[in-house]
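Asker: Would you be able to build a 3D model of this:
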Amino acid sequence: MKRYPSALFTIPMAAVFAFALDASAADQTLATHPANAKSSNFFTKPNWLTDLSLGVKESYDDNLLFVADKQPGLNAKSSWITTVSPKVGFNFAPLIGDQKVLQTLTLVYSPDFALYHDDSQESFNAHRIANSVKVHAGDFSFSGDNAFLFNDGSSQGPIYSASQTVAADENDKNRSAYATAVARERRKQIQDRTALVFQYDIGKFFIRPTASLLYYDLMTDWHHAVGPQYVGYQNYADRADVNGGADLGYKITPDVAVTLGYRYGHQYQQAYTPAIDASFHSSSDYQRILLGVEGTPLKWLNVKVLGGPDFRTYNDTAPLNDLNYNTYYGEALLTATVSKDQTVSFTYKQWQWVSSTGKLPYFDSTYILNYHLNATKHWGFDLTGKYLESDYTSGSKTILSGTSYLRDDIQYTVGGGVSYSFNKHLSANVAYAYDLGRNNEDAAAVASTAAYRQFDHQLVSLGVQYKF
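Answerer: From the prediction side, this is the model:
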């Protein structure tokens, strides 16, 4: 069944900008006529209401499915997209009274209602709920964070084929891993991310028990991808990662600590039924030993780095050369405050994960560099560079005779944005991103399909936001 967001979401952008100019003029009127300010201030947020805003964005996407746009094959689909994004947030801690133990108790609802004007199957309503609690009492502290998503999108996966009868069009099935990912995020699903951290300080030492959950319930229908009317159909499998452990830390200075940690965890990958595809899956148990550094070694630099070996034991049906496989886990976040108006941040993560398309695990690498500048009181600028890699070749093997599932896909992204604040309530933003998908696997098995794993993609957007 196709889903269409409410007609409310077709608000013309011209009307939004007319509202923006009227709101800006109203603020100037209050500035020149202070006597009117009190009577015009119809709403004042209480201190427990942290967020109340409405955003409207118009975007153009020139390659919705990240395909190669190569003939014979599937042409790139494009669409204008209208997205309406209200947001409401609460912090209930101030309601408890004059106390400092419960520092934060938040609830934030921030949905996105996206209407794809030229391809209704890609439209979705994303309902996001975030919770956070922070407690501090003497030497004890606790933080818990949860991010829940229910995406009300299409229950049918994308089809990567221009024809159900021409065999040559099946080349589009050999698409990039990032093609399957971008379409997946618009489909019907539930995602849940939870992190729990306890900490007890003992002088310069501290012990920090921790647990985390990453869960995907992908609700799209399954179809035999080579059957009638479903050549090139993309099935999606559920997956999850849960782990727990502890860190032992030592503060080498008041602002910098080193840590030694241990994690025990499990990754789950759903197996397809034999009628859909070969029922292989790569669920595993793992143990990690992690060394870390965290804190502010310089006044302008905040650092959190964590990494170490990852020891895996896979299930008996996993398509791997070695079911007891050793790999690596690493993550980092560095933020440099170059000046009061400039910040540079770097995010990094590498880990072994299971594919949402089923069967194989892969080594997932992410590198993101961001630069932000507040040029004036009103103008802001952002630049972003991103490198992603999904490497399925490490330890994997041919599953079926004559068929290799090995691949190594890369995505490069460059982008930027310009924002303008009319006043403390109203702002506008223009953004642009250019993605390049490239094949990084040199094996002869992919020589005939490598070109279909490459894509170019552009996304441009113009949006306004009003904060109450």
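Asker: which secondary structure element contains residue 334?
Answerer: strand 324-339 (DSSP states H and E).
Asker: who does that strand pair up with?
Answerer: With DSSP bridges as the test, strand 324-339 is paired with strand 301-314 (antiparallel), strand 342-354 (antiparallel).
Asker: any idea how far the shortest one is from the chain center?
Answerer: Mean C-alpha position of strand 342-354 versus that of the full chain (CA atoms, centre = their mean, to the nearest Å) differs by 12 Å.
Asker: I'd like the numbering to begin with 5 instead of 1 from here.
Answerer: New numbering, starting at 5: the last item is strand 346-358.
Asker: Kindly export it (C-alpha atoms) in CSV.
Answerer: Provided in CSV are the C-alpha atoms of strand 346-358 (Å, rounded to 0.1, in the frame of the first residue of the first chain):
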residue,chain,number,x,y,z
GLN,A,346,35.2,28.4,14.4
THR,A,347,35.0,24.7,15.2
VAL,A,348,36.5,21.7,13.5
SER,A,349,35.3,18.1,14.4
PHE,A,350,36.5,14.7,13.3
THR,A,351,34.5,11.5,13.7
TYR,A,352,35.9,8.0,13.1
LYS,A,353,34.6,4.5,13.5
GLN,A,354,35.7,1.1,12.2
TRP,A,355,34.1,-2.2,13.2
GLN,A,356,32.8,-5.5,12.1
TRP,A,357,29.0,-5.5,11.4
VAL,A,358,26.4,-7.6,9.6
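Asker: Name the residues that touch that strand?
Answerer: With CB atoms under 8 Å, 6 or more residues apart in numbering as the test, strand 346-358 has contacts from 243, 245, 271-273, 285-288, 290, 314, 316, 329, 331-342, 364-378. From N, CA and C alone the C-beta is placed, and that goes for glycine too.
Asker: can you do 6 Å?
Answerer: Strand 346-358 has contacts (CB atoms under 6 Å, 6 or more residues apart in numbering) with 243, 271, 273, 286, 331, 333-341, 365, 367-377.
Asker: try stretch 453-462
Answerer: Under the contact criterion CB under 6 Å, 6+ apart, stretch 453-462 has outside partners 66-67, 70-72, 74, 175-176, 178, 180, 438-443.
Asker: Give me the buried entries from those.
Answerer: 67, 70, 71, 72, 175, 176, 178, 180, 439, 441, 443 (16 or more other CB atoms under 10 Å).
Asker: From those residues, pick the one nearest residue 467.
Answerer: residue 439 (19.4 Å; CB to CB).
Asker: how about the nearest residue to the closest one, chain neighbours excluded?
Answerer: Once flanking residues are discounted, residue 439 sits nearest to residue 461: 4.1 Å by CB to CB, 6 or more residues apart in numbering.
Asker: Please tell me the pLDDT value assigned to that neighbour.
Answerer: Model confidence at residue 461, given as pLDDT, is 98.
Asker: Quick check: it is in a strand.
Answerer: Yes. Judged by DSSP: H, G, I helix; E, B strand; the rest coil, residue 461 forms part of a strand.
Asker: which residues does residue 57 bridge with?
Answerer: Beta-bridge partners, per DSSP bridges, of residue 57: residue 91, residue 471.
Asker: give me every residue that touches it.
Answerer: Counting by CB under 6 Å, 6+ apart, residue 57 has contacts 91, 469, 471.
Asker: Can I get the helix or strand that contains residue 200 in PDB, CA atoms only?
Answerer: Following DSSP H and E, one finds residue 200 within strand 193-206. The C-alpha atoms that make up strand 193-206 are tabulated as PDB, following Å, rounded to 0.1, in the frame of the first residue of the first chain:
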ATOM      1  CA  GLN A 193      11.100  -0.100  10.100                       C
ATOM      2  CA  ILE A 194      11.900   0.300  13.800                       C
ATOM      3  CA  GLN A 195      15.400   1.400  15.000                       C
ATOM      4  CA  ASP A 196      16.500   1.600  18.600                       C
ATOM      5  CA  ARG A 197      19.800   2.800  20.000                       C
ATOM      6  CA  THR A 198      20.500   2.700  23.800                       C
ATOM      7  CA  ALA A 199      23.600   3.500  25.800                       C
ATOM      8  CA  LEU A 200      23.900   3.100  29.600                       C
ATOM      9  CA  VAL A 201      27.000   4.300  31.500                       C
ATOM     10  CA  PHE A 202      27.700   4.200  35.200                       C
ATOM     11  CA  GLN A 203      30.800   5.700  36.800                       C
ATOM     12  CA  TYR A 204      32.300   5.600  40.300                       C
ATOM     13  CA  ASP A 205      35.300   7.800  41.100                       C
ATOM     14  CA  ILE A 206      38.000   6.700  43.500                       C
END
